[in-house]
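Asker: give the three-dimensional model of this entry:
(2 chains)
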Amino acid sequence: MSEQGQKENIEVWEDLVHIKDLVISLIICSVTSLGGYLIAPEDQQPLIFGLIGAVLGFVISASIIKPKRTFSYMDEE
Amino acid sequence: MDVILIVQMVGIAIFGAALYTIIGIAPGTDETAVLAPVTLVLVIAGLEPILVLTFFIAAIVAKKLTDSIPVAVAGIPGGVMSAPMVEHAMVLKKYGMPDVSIRKMASGSVIGTIISVPLSLLLATALVPLADVIEQYSSQIFFFGAIFLALMTKNRWFAVLSIVPFAFVIQGLRNLYWELDIVPEDTTVFTSFFLGITIGPVILKLFELLNRRKRRNLPRYGTKEITMRKTKTDKGFPNPFKILDKNETISSAVSSVFGVVTFFMSPVGMTIFLGEMIASRIKDPVKRAARAISSMDGLTNAAYLAGTLVPLIAIGYPLSPTALGPGHALFNAPPVFTYEHNLHHILSLNDFVAATVIGAVIAISITFFITIKYAQQICAFVFKYIPHEAMLGLFFGLVMMLAYMDAGVLNIAGVLVIGLLAGFLHRKGVNYGVQFMTLYAAPWLVGLIF
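Answerer: Modelled structure (predicted):
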């Protein structure tokens, strides 16, 4: 994970990402999606397994990577 | 129509509305990139056609309702379509009224939906006689469509010249797959190329990160600062006609009609054009901004629904930017849907009406309610807990999987090639419309030359 206060995030698709985190997430999601598709049993719809894999990858990535946004409420005056 | 089917339609509409309420809020989610893959997967997975349409309508209405939220709260567009609204929403934000912006935009959306559903159905019925002619010359129409759209872009000659080479790359890959017996001769790889074009700009950017010098020269940022003002929530069910004043209601309605009639044009272009036209007449900055955003949201919503429904009902070919982009899986998703056999051929007019009405009504009642009441909480959740990296990963993973499904390991490389080229063209100003039309016209175009 990135160190606090350092400027090392870059912009991809209108939001900020950290390169290392992005690579981790791309690998996780590709492995889970393709993996899900490949391990699907013969008589089943492999696509469904791939989709479940994709969602799983998304959840894993979301839980181990911190968003690059600082968020706060402004007090009402 | 039996009760079980209606229950299923309601169910899938709730699913679509809920899913795209969340996705709509996430910043930078391009409509085509987030809607096309999921719809495609549902089609290929064998979901009943009428349920697919219900899902799509609910999803698009929900997405259009919520993608204005980050614009209002943080000035970050939730999608390409909401980008033109940023300027006006920022005015309201400056005056400390982001919640007003959300209400006005969401109400504009509702008016857009109410107007465009019946009007699109009427327009579609009127255009049915033209369908046979259009069907016969579809490749030619796509080719001239690509040229026309290319001429409308800023970098027009570059865009025009890119059409033939791009078509050659596409057909070249297809021929390679046939030659190597990766896919049977009568199968045309389409889906994964389409997705390659869709995420092309991201793929190009990712490849550039591999270049050390490029990487060093990229602008670096800390974290994105987002602040929101806390607002109170109201009781009771919100009424869009009370939220908008009379003038705003009228101009939203007029823009919506405009959006339906110009369904074949670029919705972003129309939104900018109309927004400026309406806004320039009003002096008071707050009133001007409120009028502009409610009308713009009405127009985008109407243009999206009409752009999907009119070509789908009348023609069966994707002849609008919306149909070519987010809604494309409804027209062509081999092996389930082809141009000779898609929703246009399968569903009756009654089915279209039922699916549209159920999808739209459910999405509006769930999402409008949630949008007005819990806009802040939802925004806070997405901004705090959903990293952008995970979103990019999800779409990248989906594309890899669908590439493999279409034509095996080699096609992963093929899709990367398409993505890199498409990303490069995109950066030079050749928009999605030109590229998609080229993809459709490629077999005919290459066949014409040889």
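
Asker: could you use CA atoms for every contact and neighbour count after this?
Answerer: OK.

Asker: quick one: least confident helix or strand in chain A?
Answerer: The least trusted helix or strand in chain A, going by mean pLDDT, DSSP states H and E, turns out to be strand A:69-74, with a mean of 77.

Asker: and that one, what does it pack onto?
Answerer: strand B:224-229, helix B:369-385 (3 or more C-alpha pairs under 8 Å, 6 or more residues apart in numbering or on different chains; DSSP states H and E).

Asker: tell me the most buried of these?
Answerer: Of all these, helix B:369-385 has the most neighbours on average by mean count of other C-alpha atoms under 10 Å in any protein chain shown, namely a mean of 19.

Asker: distance between that one and the chain's centre?
Answerer: A distance of 22 Å separates the centroid of the chain from that of helix B:369-385, by C-alpha atoms, centre = their mean, to the nearest Å.

Asker: what residues sit buried inside whatever helix or strand residue B:352 lives in?
Answerer: With elements taken from DSSP states H and E, the one containing residue B:352 is helix B:349-363. For helix B:349-363, burial by neighbour count (16 or more other C-alpha atoms under 10 Å in any protein chain shown) applies to B:351-363.

Asker: pLDDT below threshold where in the chain?
Answerer: Assuming you mean chain A. A:1-6, A:13-14, A:74-77 (pLDDT under 70).

Asker: wrong one, chain B
Answerer: Low-confidence segments of chain B, defined by pLDDT under 70: B:1, B:26-30, B:73-81, B:83, B:96, B:228-237.

Asker: now the longest helix seen in chain A - C-alpha only, PDB.
Answerer: With secondary structure taken from DSSP state H, chain A has its longest helix at helix A:19-39. Output of helix A:19-39 as PDB, limited to C-alpha atoms (Å, rounded to 0.1, in the frame of the first residue of the first chain):
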ATOM      1  CA  ILE A  19       0.100   1.700 -10.100                       C
ATOM      2  CA  LYS A  20       1.000  -1.200  -7.800                       C
ATOM      3  CA  ASP A  21      -2.500  -1.500  -6.500                       C
ATOM      4  CA  LEU A  22      -3.900  -1.400 -10.000                       C
ATOM      5  CA  VAL A  23      -1.600  -4.200 -11.200                       C
ATOM      6  CA  ILE A  24      -2.600  -6.300  -8.200                       C
ATOM      7  CA  SER A  25      -6.300  -5.700  -8.900                       C
ATOM      8  CA  LEU A  26      -5.900  -6.500 -12.600                       C
ATOM      9  CA  ILE A  27      -4.100  -9.700 -11.800                       C
ATOM     10  CA  ILE A  28      -6.600 -10.800  -9.200                       C
ATOM     11  CA  CYS A  29      -9.700 -10.100 -11.400                       C
ATOM     12  CA  SER A  30      -8.200 -11.700 -14.500                       C
ATOM     13  CA  VAL A  31      -7.300 -14.800 -12.600                       C
ATOM     14  CA  THR A  32     -10.600 -15.100 -10.800                       C
ATOM     15  CA  SER A  33     -12.700 -14.400 -14.000                       C
ATOM     16  CA  LEU A  34     -10.700 -16.700 -16.400                       C
ATOM     17  CA  GLY A  35     -10.200 -19.200 -13.600                       C
ATOM     18  CA  GLY A  36     -13.900 -19.400 -12.900                       C
ATOM     19  CA  TYR A  37     -14.600 -19.900 -16.600                       C
ATOM     20  CA  LEU A  38     -12.000 -22.700 -16.800                       C
ATOM     21  CA  ILE A  39     -12.900 -24.700 -13.700                       C
END
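
Asker: now do the following helix or strand past that helix against helix B:369-385, angle only.
Answerer: As assigned by DSSP H and E, the chain's next helix or strand after helix A:19-39 is helix A:46-64. Inter-element angle recorded for helix A:46-64 and helix B:369-385: 60 degrees (by axes from the mean of the first three to the mean of the last three C-alpha atoms, to 10 degrees).

Asker: what comes up buried for the helix or strand encompassing residue B:148?
Answerer: Per DSSP H and E: residue B:148 is located in helix B:138-152. For helix B:138-152, a neighbour-count test (16+ other C-alpha under 10 Å) marks B:138-139, B:141-147, B:149-151 as buried.

Asker: ok, stretch B:410-417 next?
Answerer: Buried residues in stretch B:410-417, defined by neighbour count with 16+ other C-alpha under 10 Å: B:411-412, B:414-417.

Asker: report whether the helix or strand where residue B:435 lies contacts chain A.
Answerer: Element membership for residue B:435 (DSSP H and E) is helix B:432-449. No: judged by C-alpha under 8 Å from any C-alpha of the partner chain, helix B:432-449 and chain A are separated, with a smallest distance of 15.3 Å.

Asker: who are the packing partners of that helix?
Answerer: With contacts taken as 3+ C-alpha pairs under 8 Å, 6+ apart, helix B:432-449 sits against helix B:138-152, helix B:156-179, helix B:191-198, helix B:321-324.

Asker: take those and write them to TSV, including distance to residue A:52.
Answerer: Converted to TSV, these look like this (distance: least, C-alpha to C-alpha, whole Å):
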stretch	distance to residue A:52
helix B:138-152	36
helix B:156-179	28
helix B:191-198	19
helix B:321-324	27
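
Asker: about what we covered before: from the buried residues of stretch B:410-417, pick the one nearest residue A:55.
Answerer: Closest approach between the buried residues of stretch B:410-417 and residue A:55, by C-alpha to C-alpha: residue B:412, at 20.1 Å.

Asker: residues from the stretch 301-450 of chain B in reach of chain A?
Answerer: Counting by C-alpha under 8 Å from any C-alpha, the residues of the stretch 301-450 of chain B close to chain A are B:380, B:383-394, B:396-398, B:400-401, B:404.

Asker: still on that earlier bit, among the helices and strands packed on strand A:69-74, which is nearest residue B:253?
Answerer: helix B:369-385 (20.2 Å).

Asker: the closest one - contacts with which helices or strands?
Answerer: Looks like helix B:369-385 contacts strand A:69-74, helix B:3-25, helix B:69-74, helix B:98-127 (3+ C-alpha pairs under 8 Å, 6+ apart).

Asker: can I get those in TSV including mean neighbour count and distance to residue B:176?
Answerer: Output for those, formatted as TSV (neighbours: other C-alpha atoms under 10 Å in any protein chain shown; distance: least, C-alpha to C-alpha, whole Å):
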stretch	mean neighbour count	distance to residue B:176
strand A:69-74	14	45
helix B:3-25	20	37
helix B:69-74	28	45
helix B:98-127	24	40
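
Asker: now the angle from the helix holding residue B:148 to helix B:156-179?
Answerer: Angle of helix B:138-152 versus helix B:156-179, following the same axes, to 10 degrees, is 140 degrees.

Asker: which residues does helix B:138-152 contact?
Answerer: Helix B:138-152 has contacts (C-alpha atoms under 8 Å, 6 or more residues apart in numbering or on different chains) with B:134, B:156-157, B:159-160, B:163, B:317, B:430-431, B:433-435, B:437-438, B:440-441, B:444-445.
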